[in-house]
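1. take a look and give me a structure for this.
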Amino acid sequence: MINVALVGNPNTGKTTVFNALTGAKQYVGNWPGVTIDKKYGFINKDIKIVDLPGIYAMDTYSNEEKISRSYLENEDVDLIINVVDATNLERNLYLTTQLMQFNKPILVLLNMMDIANKRGLNIDIEALANKLGVSILPISAKNKTGLENISEEINKSKEIIPSYNLKFNSEKEAYSFIDKVIKDSAKGKGRSKYIGEKIDKVVLNPILAYPAFLIALFIIFKFTFSWFGQPLADALDAFIADTFTPIVEGLVANSSPWFQSLIVDGIVAGVGGVLVFFPIIFSLFIGISFLEDCGYMSRMAFLMDRIMRKIGLSGKAFIPIIMGFGCSAPAIMATRTLESEKDRKMTALLAPLVTCGARLPVYALFASIFFASNQEFVVMGLYLLGIVVAILVGLLFKNSLFKKDEQPFILELPEYKMPTLKSILLNAWDKSKGFIIRAGTLIFAVSIVIWFLTYFNMSGFTDEINNSFLASIGGFISPIFKPLGFGGWQAGVSIITGLAAKELIIGTMEIVYGDLAVVLPTMFTAVTALTFLVFVSLYTPCFAVIGVMKKEYGTKMMYLSIAYQFVLAWVAAYLFKFVATLITGGVTLAYTIEFLIFLGILSLGILLLVKYFNKEEVREAVHS
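-> Numbering: from 1, shown residues only. Here you go, the predicted structure:
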């Protein structure tokens, strides 16, 4: 068996190469002691390839670099395959020179040769191979050219006895050598000027970048709520209400009243009331997928590095936080790629504050009923609220629980490209398909449970839901939310069921309220509706996210996440309600006194928390 290690910089096409070489013969696990994916596969029964994490160098700053160095030093590696971007030789060959220190045969796959040729970059493969002392195979992994005889190349390259004799005392000496090699073996610029450089003058400008980001977000929300998503959602809602529900009612018309209620008021209302928001979610992810695939999101991570460092994180932490727009569970798992344990834990606590896709149906419902002419601004404001609150909480953590040294931040800015419609749709579907899966499984099951609790009490089936099991549960917890302005038991139980899945907030309301467009304006004002949305945007994430938090970081972190987010959401909602009431002229003297007492208690609580978290033993307990 020939053991091959696949190594390369990020964005060189390494994953495409790995997929092309191994096909379906792939396996995924975790590296020992580290929750970073370990991918390996087989070209044939005689050649095994281990795909090492994408890295820029071997300076052991990150877990990925530590894993790669450890594997090359301690495992039986017969050959290193180094994937190199032919259009950016200078940056890529630095890693190549560092791989030579392991004194193993190296086969360089010079990828993206088709792009290099289009740009007029003429590479003398033989001269480059001789200068470096390695085997070189020009390929285009995307077009699947150059890899036809890879097995023969591997067998031939592994027999070459390494004789690199290259040792550099500094990074500067290494790049001097690389510059000379490129000068002698490559003609042309490779990375010629292109329109992306003009775009970067705006999107990376310290002043213009942030308004540009807000404009991009606004266009996405306009597309979601005015141009595409909302019209489709309205059409689907009309179909369910005017066509599907009457058909179902006709099918169960001769059954018992409780069964009719189960099907119509429970399953159809609960699941159907959630499903109508799928076009909105899918539309939002089309926009986000476009920003990711065209290369803009990487620039936002770079831009946010300055802000993230204010809260003790690097710009790299912005990537898992942004992933929270889709779902907080993969966002927490993505923290595995961060360099230090403190970075990973702090980012995991902040990522669920960003609005996930499951909260979007709640926003869309309330915005369409209470703020029909300004839906885009309301929803966009709630998304920005999550980011701003995450930054503020990060500042608090930085000065208490997660005091730390800064880590270096290295991020390549990929070239802009126009993504294909197919790739955007597939990416959007991948992000939003979980919504459909939850609707057909978890939401379906919980809708039945909610229906039972809504239409049954100790005496059996009842049409009087105010005497139901659910009303009793809601009445018990409703005092918690009364200061926020939504103290009815229906809102309280909706928040509780939202812990199973945030979409269930809508499903529960459909069951306990009935016609939401008619009933909600009688239960909420514009101020309390926004207060409710503020609470929903920040409170404890769903059980799936809580489970991931426990799996990744343990029970202590899980309980900390549950408790602090619920308290944070309540405090933020209360503050918002007072300010909004003050603006609308509804503040009384008694309310002002209540608010001042609340501020005093809040200030004292924050001081005590900071003092508590500053204790070394407390920080060590959380970090352990």
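2. ok, now which ones touch the residue most central in space within the chain?
-> Ranked by distance to the mean C-alpha position of the chain (CA atoms, centre = their mean), the top residue is Met323 at 1.3 Å. Shown in contact with Met323 (CB atoms under 8 Å, 6 or more residues apart in numbering): Pro330, Ala331, Ala334, Ala351. (C-beta placed from N, C-alpha, C; glycine too.)
3. of those residues, which is the most crowded?
-> Most neighbours among these, by other CB atoms under 10 Å: Ala351, with 30 neighbours.
4. ok, it to Val393 distance?
-> 11 Å (CB to CB, to the nearest Å).
5. for Gln407, give me the pLDDT.
-> At Gln407, the model reports a pLDDT of 57.
6. what do you get for Leu6?
-> On the pLDDT scale, Leu6 gets 94.
7. repeat for the one 3 residues further on
-> Looking at Asn9, its pLDDT reads 88.
8. show me what the helix or strand harbouring Leu214 is packed against.
-> Assessed by DSSP states H and E, Leu214 sits inside helix 209-222. On a contact count with 3 or more CB pairs under 8 Å, 6 or more residues apart in numbering; DSSP states H and E, helix 209-222 meets helix 195-203, helix 278-294, helix 296-310, helix 375-398.
9. so is the residue lying farthest from the centre of the chain in a helix, a strand, or just coil?
-> Most distant from the centre of the chain: Asn254, at 47.9 Å, with distances by CA atoms, centre = their mean. Here Asn254 is coil, with the state taken from DSSP: H, G, I helix; E, B strand; the rest coil.
10. could you check how far it is from Phe461?
-> Distance of Asn254 to Phe461, given as CB to CB: 18 Å.
11. for Glu197, same thing?
-> Counting by CB to CB, the gap from Glu197 to Phe461 is 69 Å.
12. grab the nearest non-local neighbour of the residue nearest to the centre of the chain.
-> Nearest residue to Met323, sequence neighbours excluded (CB to CB, 6 or more residues apart in numbering): Ala331, at 4.1 Å.
13. is it true that that neighbour touches Ile321?
-> Yes: between Ala331 and Ile321 there is a contact under CB atoms under 8 Å: 6.7 Å.
14. between the two, what contacts are shared?
-> Both Ala331 and Ile321 are in contact with Ala351, Val354, where contact means CB under 8 Å, 6+ apart.
15. packing partners for the strand or helix carrying Leu608?
-> Assigned by DSSP H and E, Leu608 belongs to helix 589-613. Under the contact criterion of 3+ CB pairs under 8 Å, 6+ apart, helix 589-613 touches helix 555-583.
16. how about Trp489: what's its closest non-neighbour residue?
-> Distances taken as CB to CB, 6+ apart place Gly474 nearest to Trp489, at 2.7 Å, with adjacent residues excluded.
17. before we move on, what about Leu72?
-> Looking at Leu72 with CB to CB, 6+ apart, the closest residue is Phe102, at 4.8 Å.
18. neighbours of the one you found, how many?
-> For Phe102, the neighbour count with other CB under 10 Å is 18.
19. check contacts around it.
-> Phe102 makes contact with Leu72, Glu73, Val77, Ile80 under the criterion CB under 8 Å, 6+ apart.
20. for the helix or strand containing the last one, name the packing helices and strands.
-> To tie it back to what came earlier, the one meant is Ile80. Ile80 belongs to strand 79-85 when assigned by DSSP H and E. Strand 79-85 is packed against strand 2-8, helix 14-22, helix 89-99, strand 106-111, helix 150-157, with contacts defined by 3+ CB pairs under 8 Å, 6+ apart.
21. nearest to Pro231, of those?
-> helix 14-22 (37.2 Å; CB to CB).
22. buried sites along the closest one?
-> Lys14, Thr15, Val17, Phe18, Asn19, Ala20, Leu21, Thr22 (16 or more other CB atoms under 10 Å).
23. by pLDDT, give me the weakest of these.
-> Minimum pLDDT across the buried residues of helix 14-22 is recorded for Thr15, with 80.
24. that older thread, I'd like the buried residues of helix 14-22 laid out as CSV, including distance to Phe221.
-> Below are the buried residues of helix 14-22 laid out as CSV (distance: CB to CB, whole Å):
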residue, distance to Phe221
Lys14, 35
Thr15, 32
Val17, 38
Phe18, 37
Asn19, 35
Ala20, 38
Leu21, 42
Thr22, 41
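25. one step back: among the contacts of Met323, which one sits closest to Ile47?
-> Taking the contacts of Met323 together and measuring to Ile47 by CB to CB, the closest member is Ala334, at 30.9 Å.
26. isn't the closest one up against Phe318?
-> No: counting by CB under 8 Å, Ala334 stays clear of Phe318, with 11.0 Å between them.
27. related to what we said a few turns ago, which residues does the residue nearest to Met323 contact?
-> Ala331 touches Pro320, Ile321, Met323, Gly324, Ala351, Pro352, Val354, counting by CB under 8 Å, 6+ apart.
28. swap in Asp85?
-> The contact partners of Asp85, by CB under 8 Å, 6+ apart, come to Asn9, Asn11, Thr12, Gly13, Arg91, Asn92, Asn111, Met112.
29. find the nearest non-adjacent residue to the fifth one, please.
-> Think Arg91. Asn9 (6.9 Å).
30. ok, the one you found touching Pro53?
-> No: the criterion here is CB under 8 Å, and Asn9 misses it with Pro53 at 10.9 Å.
31. my guess is Trp479 contacts Gly487, does it?
-> Small correction: residue 479 is Pro, not Trp. Yes: using CB under 8 Å, Pro479 is in contact with Gly487, at 6.9 Å.
32. that'll do, ta.
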